[in-house]
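In: Just the structure for this:
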Amino acid sequence: MLRPRQWIKSGLVFAAPAAADVLTRGETLLRCSAAAAIFSLAASGVYCVNDLADVERDRLHPSKRKRPLAAGEVSPRAVALLAAALLLSSLGASALITWKLTIVIGVYVSTQLAYSAGLKREAVVELVIVAAGFVLRMIAGGVAADVRLSSWFLAVAGGGALLVVTGKRLAETMELGQEAGAHRAVLDEYTTVFLQIVVGICGALVIMVYALWAFDPEIERRVAWVLPIHLSTVPFLIAVLRYVQEAERGVCGAPEEVFLRNRVLQVLGVAWLVMLLIGITHG
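Out: Take a look at the predicted model:
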């Protein structure tokens, strides 16, 4: 019910502080860890609300029908109480860190509730809302660590998030075929070709923006060693293209599982991160 495997997404909270080279500070690491835990609570509360809203459709889905609510293992009332407890506790806990984090959590919860209430049926709009959930996690890390988020960072984050979400919709469309709309109504508004085009556009956008950042003359004045930053574009490019390939095949229905089982993406991710950290922290 709480989707603990999805909590891995809260790791995005550490992205901005790591990029700013402040994550190794004890207080910053503690605040970001707390923010990640709080976001996981909020996300689990949202998943409970989604299950309540989609229970009938989930019963038609080959795998989602096994979820506790759809399978009749828990009552709707119990799920509603759990959702309220999780959402309220996440808002309350965030206030103990900074009011800015409370605003970020509040925006996340309100947009996700609006999604469950009806925006999930609006084509393209629903893609943006789900993608915003990823970006808001990164913003949460920035406000928790009190670091400034650059426009480059937000552009890459937004494009990457939209790529992941669109890949998920493409997988659902290809997996469910004619019955896709019975599971998720908005899928009837998409064609496989359209989603493949969006995947390609997002992949190209992310690569272009990251390359522009890596070779921006301003970076040479701000980082300790610029060469690893330049070289980091290579594993980044390959990783994005590899993910686009996976998305085109329709196997990105569970994005977190793609990263957990794909060794090539894992190696590329580590190589990219090492190059980035060397450039930021070593001269």
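In: residue ranges with poor pLDDT in the protein?
Out: Flagging of the chain using pLDDT under 70 yields the residue ranges 282-283.
In: so where's the longest helix in it?
Out: Ordering each helix of the chain by length in residues (DSSP state H) puts helix 26-58 first.
In: and whatever helix or strand comes next after that one, which residues are buried?
Out: Going down the chain from helix 26-58, the next helix or strand is helix 76-95, by DSSP states H and E. Using 16 or more other CB atoms under 10 Å as the test for burial, helix 76-95 gives 79, 82-83, 86-87, 90-91, 93-94. C-beta here means a position set from N, CA and C on the backbone, and glycine is covered the same way.
In: Let's have those in a markdown table, adding distance to residue 143.
Out: Shown next, in a markdown table, are those (distance: CB to CB, whole Å):
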| residue | distance to residue 143 |
| --- | --- |
| 79 | 30 |
| 82 | 27 |
| 83 | 24 |
| 86 | 21 |
| 87 | 19 |
| 90 | 15 |
| 91 | 14 |
| 93 | 14 |
| 94 | 10 |
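In: Give me the most central residue, this structure.
Out: When the chain is reduced to its mean C-alpha position, the nearest residue by CA atoms, centre = their mean turns out to be residue 134, at 3.0 Å.
In: Might one say that that one is in contact with residue 11?
Out: No. Contact criterion CB atoms under 8 Å: residue 134 and residue 11 do not qualify, at 10.9 Å.
In: and the helix or strand hosting residue 114, what other elements does it pack with?
Out: Secondary structure assigned from DSSP H and E places residue 114 in helix 99-117. Helices and strands touching helix 99-117, by 3 or more CB pairs under 8 Å, 6 or more residues apart in numbering; DSSP states H and E, are helix 26-58, helix 76-95, helix 125-145.
In: which residues touch stretch 3-20?
Out: 23, 28-29, 32, 35-37, 39-40, 43-44, 47, 133-134, 137-142, 144-145, 147-149, 153, 157, 256-257, 260, 276-277, 280 (CB atoms under 8 Å, 6 or more residues apart in numbering).
In: How is the protein divided into domains?
Out: What automatic domain parsing lists as the domains of the chain is 1-148, 150-283.
In: ranking the helices and strands packed on helix 99-117 by burial, who's on top?
Out: Compared across the helices and strands packed on helix 99-117, helix 125-145 shows the largest average neighbour count, a mean of 22 (mean count of other CB atoms under 10 Å).
In: Toward the C-terminus, what is the element adjacent to that one?
Out: Using DSSP H and E, the next helix or strand after helix 125-145 towards the C-terminus is helix 151-176.
In: Now do that next one: distance to the chain's middle.
Out: Centroid separation for helix 151-176 versus its chain: 8 Å, with CA atoms, centre = their mean, to the nearest Å.
In: List the buried residues of it.
Out: 152-176.
In: just checking, what packs against it?
Out: helix 15-19, helix 125-145, helix 180-183, helix 192-214, helix 233-248, helix 255-261.
In: again, only this time at 6 Å
Out: Here helix 151-176 touches helix 125-145, helix 192-214, going by 3 or more CB pairs under 6 Å, 6 or more residues apart in numbering; DSSP states H and E.
In: Pull out the buried positions in the last one.
Out: By neighbour count with 16+ other CB under 10 Å, helix 192-214 contains the buried residues 194-196, 198-199, 202-203, 205-207, 209-210, 213-214.
In: Output these in a markdown table; the columns should cover distance to residue 126.
Out: Shown next, in a markdown table, are these (distance: CB to CB, whole Å):
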| residue | distance to residue 126 |
| --- | --- |
| 194 | 14 |
| 195 | 13 |
| 196 | 18 |
| 198 | 13 |
| 199 | 16 |
| 202 | 15 |
| 203 | 20 |
| 205 | 19 |
| 206 | 20 |
| 207 | 25 |
| 209 | 23 |
| 210 | 26 |
| 213 | 29 |
| 214 | 32 |
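In: which of these lies closest to residue 116?
Out: residue 195 (21.8 Å; CB to CB).
In: I appreciate the help and will end here.
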